[in-house]
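Colleague: Need the 3D shape of this:
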Amino acid sequence: YIGVVQEDSSGYPDCSDSFIQKMQNAINEGTKEDTKIEIITPLVHLSKAQIVEEAIKLNVPLELTLSCYKEEYQACGVCDSCRLRLNGFKEANQKDLIPYKES
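Modeller: Model prediction:
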């Protein structure tokens, strides 16, 4: 399982469904015939807002998650990933509870 989201693929091409399918094909091409690897991407076609809404329904502790590509312990609030996350929370009418260095 991998949590890639197609919405991110303009800045992160490895998040596209096409890339994942090609990687799955390459992995299976390079393994024994009886080995079938499937890369499962349950979020790939959801918007960030839909992901936030679903996570809230499932009581996912979103305050323990981090999407930042620049920082390791506290989200920067300005990189593409942070901005996409913040926008997803905004579109879902929810407050992102993680601390940000900038916002």
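Colleague: measure residue 11 to residue 72 for me?
Modeller: To residue 72, residue 11 is 19 Å away according to CB to CB, to the nearest Å. Yep, even glycine has a C-beta here, placed from its N, CA and C like the rest.
Colleague: Same drill for these two, tell me which one is more crowded.
Modeller: Taking neighbours as other CB atoms under 10 Å, residue 11 and residue 72 compare with residue 11 leading, 13 against 7.
Colleague: Now do residue 7, the pLDDT please.
Modeller: pLDDT for residue 7: 85.
Colleague: Count the residues that sit near it.
Modeller: Using other CB under 10 Å: residue 7 sits among 21 other residues.
Colleague: can you check the one 5 residues further on too?
Modeller: The local packing count at residue 12 equals 16, with neighbours defined by other CB under 10 Å.
Colleague: mind listing what it touches?
Modeller: By CB atoms under 8 Å, 6 or more residues apart in numbering, the residues touching residue 12 are 80-81.
Colleague: From residue 40, how far off is it?
Modeller: 19 Å.
Colleague: Which residue comes closest to residue 53 once chain neighbours are left out?
Modeller: residue 92 (5.1 Å; CB to CB, 6 or more residues apart in numbering).
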